[in-house]
Structures are given as C-alpha cells and as structure tokens.
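Asks: coordinates for the following, if possible.
(2 chains)
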There are 2 protein chains.
Amino acid sequence: MAKKQLDLKVTKNLIFPYLPVLVGCNVGGKPNYITIGLIGWLCYDMMSISVGHRQYSKAGIKENGTFSINQPSAEQIQELDYCGIASGRTVDKAALFDTFYGELETAPMIRQCPINIECRVVQTLTRPMHEVFLGEVVAVHASEEVLGDGVPDITRIHPLFYAPDTNQGKGIAGYWGLGERIARAFEVGKNLKTN
Amino acid sequence: MAKKQLDLKVTKNLIFPYLPVLVGCNVGGKPNYITIGLIGWLCYDMMSISVGHRQYSKAGIKENGTFSINQPSAEQIQELDYCGIASGRTVDKAALFDTFYGELETAPMIRQCPINIECRVVQTLTRPMHEVFLGEVVAVHASEEVLGDGVPDITRIHPLFYAPDTNQGKGIAGYWGLGERIARAFEVGKNLKTN
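Replies: Numbering: from 1, shown residues only, chains lettered A, B, ... in the order given. As a prediction, the model looks like this:
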C-alpha cells in the first residue's frame, strides 16, 4: 500500500469518524448546549472535550468547572446539527430540550439524549484552536429504554457519527449511522494465535 | 424519558461505541502493536491514548516519548482483535504487519492500516487503571487507496467500532461497521432555526 503524507494545515484530518456529542454547561446561570466533535476517552472515569476559543460555552465551563456530555440518538440529528450552527449568545438552545440536573448543580443534561455524563473539570489545556477540558466523571445517567441487562445497548442508542466527505473542501460533511455487527471481540483474533 | 443512574464500578460504560486503534511503539528497539479502545481527539494537532498499567507497550512509550496511532480497516479485524489478546512480552505481533517509520524514528506504523498518525508525547497522566499519553501530532500518513480529493474518504476506510453487548457481564462484545449516511451536516439542523 503506497502511503501519502497529508498536509495537516489543509486537511485537519486525524481519525474519522468522530462521535459528536452535545455538551451542556451553565452560562450566567442558564443552561446552554453546544455540539462538540473532539472528545476523548481518557480512562473509565475521565473524559475530555475540546471547545473552540470563541465559543460561548467556554466561559461557562471555566466559571463553574463542570460540564455534561450528552450522547444524541439518531432521533436528535436536527438538534445535534443545530447546536453546532447556532450560538448561545443569540439563541436559547436549551429551549429545544428538557433539561435536568444530577449530582453537580451546574451541569445541565438533556433528557432526550440516551446517555448523559456529568463531569468535573480537573485540568485544562490551552491549544491554539481549542480549550481542552479534562473532566472526571461524576455520574452517568441513561434512558431506561436503551438499557439491556442494566447497561446501555448500542442497538437501542442509534449512535451518530460525523465525517467529512471526500469533497471536504466544498464544505460538505455528513452524519452516519451504525452498521452491522461484524464479529465477536476477543474471539475473531484467536485465528491468528498460531502465528 | 425516565433516567437511571448507572453504577460506574460495574458498567465502566461511558459513551459507546469506541473507535479501536492499533498503537505502535518500539520496546527495546523492536516494534510492538497494541489494541487501544480509549483514545482522545484533543485538538487537530493532539490526540491521546490510554494504556493499561500492566501493558508491555507502556515502558516503550515512556522510553522513547513517541507512539503511532494506526486506524484499522475492516480488513484488519482479525489483527485488531489479536493485538488486544496477545502480549508483546511473549509474541512478536509486529510479524503480522509490514512496519514503516516516518518522521519519528521510534514510532513504528502499520502499512496495512489506511491511516497512520505519528505522535510525540507532551504530557502523561497517571490514572488508577491507565497511563494516559497526550501526543502532539507530528505527521499523518494515508494509504493512497482511501484518499478522495486528497483527504481520507470514510467510505473507503471501512472503519471498525467496538461495543459491548447488553449481556456484557458474560464477556460478549463485538465489532461493528459503519452504516448509512443519514444527513448532511451544517444543513439538517437549519430546519430548527425558526425556534
């Protein structure tokens, strides 16, 4: 396979697809939600979100030291996209959702989203384009409809992915759904064990 | 939607699915690869990987301060799974792949994987279960076959996802493929703009 080195400044491509989420925070005492593509799984009890420096939410997360991560289902595709287009400076995006609070009093969560995670900021990194908030997971909530045997069932969540098209330069990008289950994990690789 | 708070100690569930990758590093001067589920998109020029404390790769990454992230295609599903089962302490996993090096001389990459990212460690976090390596992206390589208009085309990469089943307690988990494109991003949400 011939390899080509990509120009990072042009492509901004790392690994695709992203798993976009709705991040909640209070700004000036009111809930706001923003669509975030850059998230991190750091440990079972730690996640990160990266917020653009100009985003309205940045000040709210800094003010309270808390945020929520809400995983949308395909049913919230319009809301997911809208919260990435509209700014909380001019629009009350929380009006689109039923907001609830959990253990943290300043991390608003979206009842319509199947999975909701409350995080307390433990570290912040300032990068050229983003403020990266590392958050300790305080609590995880799930809609009862998506639970199977007490844990979230991927087939009931209907997760959404984000990826640019090949004609990315023209600004066309899309949301994708989950496909078929291909193989059993910790099993399919056993065929190679004789190597 | 009624919500249930999950027991973090039991479920270890945050957001699913993961996007598992093959992380490469040199250990004692030889390439080794490990399957990693916990990764982070921190900025366009920064990613993280979380390596279990007992993993063979941990010392190699610490020794060199470098690692690679290799995104497998569905064609590498056996290798992806195998590298999560077998340990580099007892098996030469690099024998499964064609290894190449890029700008960093100690971050081996897998030619068969469509996307390869070279990272230099800039910060390390020690969590109870994982060593979290934050890596500045030094270079990104792509197989020419997956490029469309010069950028990676999600439909040619055939990405793999990982998720536990609902009967997770029984140790059954699986790999999933990408589904259909559902909607255009920065467009489908415009319907809500009158709110």
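Asks: near residue A:132, how many other residues are there?
Replies: Look at residue A:132: counted by other Cβ atoms under 10 Å in any protein chain shown, it has 22 neighbours. C-betas here are computed from N, CA, C, even on glycine.
Asks: then residue A:28?
Replies: 10.
Asks: next, the nearest residue to it once chain neighbours are set aside: secondary structure please.
Replies: Spatially, and ignoring its direct neighbours in sequence, residue A:28 is nearest to residue A:60 (7.4 Å; Cβ to Cβ, 6 or more residues apart in numbering or on different chains). The three-state label given to residue A:60 by DSSP: H, G, I helix; E, B strand; the rest coil is helix.
Asks: could I get stretch A:50-62 in CSV with only the CA atoms?
Replies: Provided in CSV are the C-alpha atoms of stretch A:50-62 (Å, rounded to 0.1, in the frame of the first residue of the first chain):
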residue,chain,number,x,y,z
SER,A,50,-12.4,20.5,23.3
VAL,A,51,-14.1,23.8,22.9
GLY,A,52,-13.2,26.4,20.4
HIS,A,53,-11.8,29.6,22.0
ARG,A,54,-14.6,31.8,20.6
GLN,A,55,-17.4,29.5,21.8
TYR,A,56,-20.0,30.9,24.2
SER,A,57,-19.8,27.8,26.3
LYS,A,58,-16.1,28.2,27.2
ALA,A,59,-16.7,30.9,29.8
GLY,A,60,-19.5,28.9,31.4
ILE,A,61,-17.3,25.8,31.8
LYS,A,62,-14.5,27.8,33.2
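Asks: which stretches of chain A form strands?
Replies: A:3-5, A:21-27, A:30-36, A:39-43, A:46-52, A:66-71, A:99-100, A:109-110, A:115-126, A:130-143, A:147-148, A:151-152, A:161-164, A:173-184 (DSSP state E).
Asks: got TSV for those strands, with distance to chain B and mean pLDDT too?
Replies: Formatted as TSV, the strands of chain A follow (distance: least, Cβ to the nearest Cβ, whole Å; pLDDT from 0 to 100):
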stretch	distance to chain B	mean pLDDT
strand A:3-5	5	92
strand A:21-27	7	98
strand A:30-36	9	98
strand A:39-43	2	95
strand A:46-52	5	96
strand A:66-71	5	98
strand A:99-100	7	98
strand A:109-110	8	98
strand A:115-126	6	97
strand A:130-143	4	95
strand A:147-148	3	84
strand A:151-152	5	82
strand A:161-164	4	90
strand A:173-184	4	93
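Asks: nearest to residue B:5, out of those?
Replies: Of all the strands of chain A, strand A:130-143 sits nearest to residue B:5, with 5.3 Å by Cβ to Cβ.
Asks: how distant is the closest one from the center of its chain?
Replies: Relative to the mean C-alpha coordinate of its chain, strand A:130-143 is positioned 10 Å out (Cα atoms, centre = their mean, to the nearest Å).
Asks: list the strands paired with that strand, with their directions.
Replies: Applying DSSP bridges, strand A:130-143 is found paired with strand A:46-52 (antiparallel), strand A:115-126 (antiparallel), strand B:3-5 (antiparallel).
Asks: just the CA trace of that strand, in PDB.
Replies: The C-alpha coordinates for strand A:130-143 follow below in PDB (Å, rounded to 0.1, in the frame of the first residue of the first chain):
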ATOM      1  CA  HIS A 130      -9.300  24.800  21.400                       C
ATOM      2  CA  GLU A 131      -9.500  24.900  25.200                       C
ATOM      3  CA  VAL A 132      -9.300  21.200  26.300                       C
ATOM      4  CA  PHE A 133     -11.200  20.400  29.400                       C
ATOM      5  CA  LEU A 134     -10.300  17.100  31.100                       C
ATOM      6  CA  GLY A 135     -13.300  16.000  33.200                       C
ATOM      7  CA  GLU A 136     -13.500  13.500  36.000                       C
ATOM      8  CA  VAL A 137     -16.800  11.500  35.500                       C
ATOM      9  CA  VAL A 138     -19.000  12.100  38.500                       C
ATOM     10  CA  ALA A 139     -22.100  10.200  37.300                       C
ATOM     11  CA  VAL A 140     -23.600   8.500  34.300                       C
ATOM     12  CA  HIS A 141     -27.300   8.500  33.500                       C
ATOM     13  CA  ALA A 142     -29.100   6.500  30.800                       C
ATOM     14  CA  SER A 143     -32.600   6.500  29.500                       C
END
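Asks: beta partners for the spatially closest residue to residue A:46 that is not a sequence neighbour?
Replies: Counting by Cβ to Cβ, 6+ apart, residue A:46 lies nearest to residue A:136, which is 5.7 Å off, once chain neighbours are set aside. On the basis of DSSP bridges, residue A:136 is bridged to residue A:46, residue A:120.
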